[in-house]
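After the sequence you'll find the predicted model.
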Amino acid sequence: QVQLAESGGGLVQAGESLRISCVGSGPNFSKYTVAWFRQAPGKDREFVAAINWFERNTYYADSVKGRFTVSRENGEKTAYLQMSELRSDDTAVYYCAAAAYYSGTNYFKEGEYAYWGQGTQVTVSS
């Protein structure tokens, strides 16, 4: 059983950067693929980025490619989403999600992830 806790959200100006974190508790968290999703007011939750547990390959939504970077460290217990050149349409609640030993190609689908955090609010003002 894994529990996820996001932190680091806040209010920033357009063009600024922010890094949010996801700490995973439980055994073998390094063996989990971790993804970030976000949900803006009135919209469905959408995929943002993922990092594969084995090869550490990374994947991004087109809307954030080149601006956001997903990584993990700290003995693999923490995953990060470094967000740069933030825009007002990046405003959302950001969730991390995890799936044990996942190496599939549907990393962008919510249903592939069994564990979810509570989310952290990111607000970008213009």
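All right, it came through fine.

list the contacts for the residue nearest the centre of the chain?
Averaging the C-alpha coordinates of the chain gives a centre point, and the residue nearest to it by C-alpha atoms, centre = their mean is W36 (2.2 Å). Applying C-beta atoms under 8 Å, 6 or more residues apart in numbering to W36 gives the contacts 20, 22, 47-50, 70, 79, 81, 94-97. From N, CA and C alone the C-beta is placed, and that goes for glycine too.

Among those residues, the buried ones, what's the PyMOL command?
This is how PyMOL selects the buried members of the contacts of W36, with burial counted by 16 or more other C-beta atoms under 10 Å:
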select buried, resi 20+22+47+48+49+50+70+79+81+94+95+96+97
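
thinking again about what came up before, and the helix or strand hosting the residue nearest to the centre of the chain, what's its mean pLDDT?
Assigned by DSSP states H and E, W36 falls within strand 32-39. Computed over strand 32-39, the mean pLDDT rounds to 97.

for this structure, what are the low-confidence residue spans?
Applying pLDDT under 70 to the chain flags the ranges 74.

Break down it into its strands, ranges please.
3-7, 10-13, 18-25, 32-39, 46-51, 58-60, 68-73, 78-83, 92-100, 115-116, 120-125 (DSSP state E).

For Y107, find the nearest of those strands.
Checking those against Y107 by C-beta to C-beta gives strand 46-51 as the closest, at 4.4 Å.
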